[in-house]
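>>> build the 3D model from these lines:
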Amino acid sequence: MKETRVSIIGAGNVGKGILSIIQGMKEQGQLKEEFRILSVSDSRGTVFDAQGVNPAKVLNAKEHGDIFRSGYSKMSTDDVLSLKSDIIVDVSPATRDGKAGRDLYMDSFSLGKHVVTANKAPLSFFWKEIMNGSASSGKEIRYESTVAGGVPLFNLRDYCLLPSAVLDFHGIVSSTVNYVLRKMKSGMDFNQALDEASKLGIVEANFRDDTDGIDSARKTVILANSLFGSSLTLNDIKYQGVNENTSFDGVKGDQRIVASVGISEGKIKAGSLLETLDREDPLITLKPQSLGYVMKTGFNGDIFVAGLRDGPIETASGVVNDILLVSGFRRI
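Residues are numbered from 1 along each chain as shown. From the prediction side, this is the model:
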């Protein structure tokens with residue numbers, strides 16, 4: 001494995017999961033000294049060490065409420081790109097317009113750094129610009145965990161379905177809005193359902209991103225652009241969510257917010273809408289905290305992939321997998 005130096009931006013639930021996974025891999029001897037975390041940033045700032053920070057020390061400091069208690073040097077997050085990192089990892093909260101992420105990625109490419117992200121906002125507004133920046137710089141951007149958490153999707157397509165074109169996608173890609181929806185349909189009010197989801201750690205910093213359907217819509221844009229080669233933005237698709245006024249009185253059948261992308265009459269159709277699932281639809285088997293999808297392919301047939309639980313550690317695992325792919329890691 002070549003030398004890999006990583007800067008992690010974001011130390012919330014997913015960021016802490018990344019640190020925990022990397023620490024575990026180091027303890028098991030899977031990652032050698034050539035793999036170093038140079039810096040970790042949260043909303044208050046950044047800690048860094050040119051020789052690499054110890055994930056366990058940063059985790060302990062974070063659990064005690066202050067990342068700076070780790071004892072490492074401090075710097076402004078705005079200066080992270082000045083470090084000699086090879087990979088910038090973005091697991092910061094999504095912003096409404098995605099511009100901060102877009103600028104971070106473009107600056108990273110220009111400085112010869114790869115990007116791994118779980119942040120949906122930049123890709124849902126600036127897909128074409130970011131992908132062009134990656135291509136022109138010769139630096140990778142990997143985004144496995146932006147859509148289905150820890151459920152393999154883009155990497156499955158990239159490495160296991162090379163002979164096949166993707167013809168249609170139909171999936172539950174946002175656990176939070178569907179968790180709240182199902183709990184409300186079973187009799188809870190909106191705030192009770194949201195509180196339960198929050199305790200599971202599956203709610204965005206701005207919960208309206210989840211419940212208004214924006215999170216699922218962003219993911220639908222990424223799906224359309226990655227799987228079908230389009231250049232859609234969040235403004236190009238229709239989406240729905242749930243709120244305090246959503247009523248299920250008289251509604252029959254199992255309803256979900258479903259991301260659907262396909263081609264109709266030669267045009268790409270994408271939406272994230274409330275659907276009543278057919279009894280034969282594999283998605284109907286998913287549990288409240290599950291993610292999954294059915295993908296129709298050219299030669300591999302219809303593929304159903306699902307994870308029984310979607311949470312921060314599963315998303316973190318997908319991010320770490322992307323980091324390892326970029327770094328050239330191979331399992332011994």
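>>> use CA for all of it now, contacts and neighbours both
Fine.
>>> and the closest residue to T95 other than its chain neighbours, how far from M184?
Residue nearest to T95 in three dimensions, not counting chain neighbours: A121, with 6.1 Å by C-alpha to C-alpha, 6 or more residues apart in numbering. Noted for A121: a distance of 27 Å to M184, by C-alpha to C-alpha, to the nearest Å.
>>> repeat for D310
19 Å.
>>> now for the residue nearest to T95: which residues touch it?
94-98, 101, 218 (C-alpha atoms under 8 Å, 6 or more residues apart in numbering).
>>> hey, where'd the helices end up in this protein?
For the chain, applying DSSP state H gives helices covering 13-27, 55-63, 99-110, 120-137, 145-148, 154-160, 175-185, 190-199, 207-211, 214-228, 312-327.
>>> mean neighbour count, those helices: which tops it?
helix 145-148 (a mean of 27; mean count of other C-alpha atoms under 10 Å).
>>> so how far is it off the chain centroid?
With C-alpha atoms, centre = their mean, to the nearest Å as the basis, helix 145-148 stands 4 Å off its chain's centre.
>>> I'd like to know which elements that helix is packed against.
helix 214-228, helix 312-327 (3 or more C-alpha pairs under 8 Å, 6 or more residues apart in numbering; DSSP states H and E).
>>> rerun at 7 Å
Counting contacts by 3 or more C-alpha pairs under 7 Å, 6 or more residues apart in numbering; DSSP states H and E, helix 145-148 packs against helix 312-327.
>>> would you format the helices of the chain as CSV with distance to V80 and mean pLDDT included?
Below are the helices of the chain laid out as CSV (distance: least, C-alpha to C-alpha, whole Å; pLDDT from 0 to 100):
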stretch, distance to V80, mean pLDDT
helix 13-27, 16, 96
helix 55-63, 17, 96
helix 99-110, 10, 98
helix 120-137, 19, 98
helix 145-148, 22, 96
helix 154-160, 28, 97
helix 175-185, 32, 94
helix 190-199, 30, 94
helix 207-211, 27, 93
helix 214-228, 27, 97
helix 312-327, 18, 96
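>>> format those helices as TSV; extra columns: distance to K287.
Compiled in TSV, those are given as follows (distance: least, C-alpha to C-alpha, whole Å):
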stretch	distance to K287
helix 13-27	22
helix 55-63	30
helix 99-110	32
helix 120-137	24
helix 145-148	15
helix 154-160	22
helix 175-185	9
helix 190-199	14
helix 207-211	18
helix 214-228	17
helix 312-327	16
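>>> out of these, which gets nearest to D78?
helix 99-110 (9.4 Å; C-alpha to C-alpha).
>>> list of residues touching that closest one?
81, 114-115, 122, 126, 130, 133-134, 137, 139 (C-alpha atoms under 7 Å, 6 or more residues apart in numbering).
>>> if you set the cut-off to 6 Å instead, what comes out?
Applying C-alpha atoms under 6 Å, 6 or more residues apart in numbering, the external contacts of helix 99-110 come out as 122, 137.
>>> what of stretch 266-274?
Outside stretch 266-274, the residues that touch it by C-alpha under 6 Å, 6+ apart are 217, 237-240, 256-263.
>>> so what's the gap between it and the chain middle?
The answer for stretch 266-274 is 21 Å, by C-alpha atoms, centre = their mean.
>>> in that stretch, which residues are buried?
Buried residues in stretch 266-274, counting neighbours by 16 or more other C-alpha atoms under 10 Å, are found at 268, 270-274.
>>> and if you look at stretch 236-243?
Using 16+ other C-alpha under 10 Å as the test for burial, stretch 236-243 gives 237, 239-243.
>>> how about those residues in JSON lines, adding pLDDT and distance to Q23?
As requested, those are exported to JSON lines (pLDDT from 0 to 100; distance: C-alpha to C-alpha, whole Å):
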{"residue": "I237", "pLDDT": "94", "distance to Q23": "40"}
{"residue": "Y239", "pLDDT": "97", "distance to Q23": "39"}
{"residue": "Q240", "pLDDT": "97", "distance to Q23": "39"}
{"residue": "G241", "pLDDT": "97", "distance to Q23": "37"}
{"residue": "V242", "pLDDT": "96", "distance to Q23": "38"}
{"residue": "N243", "pLDDT": "95", "distance to Q23": "39"}
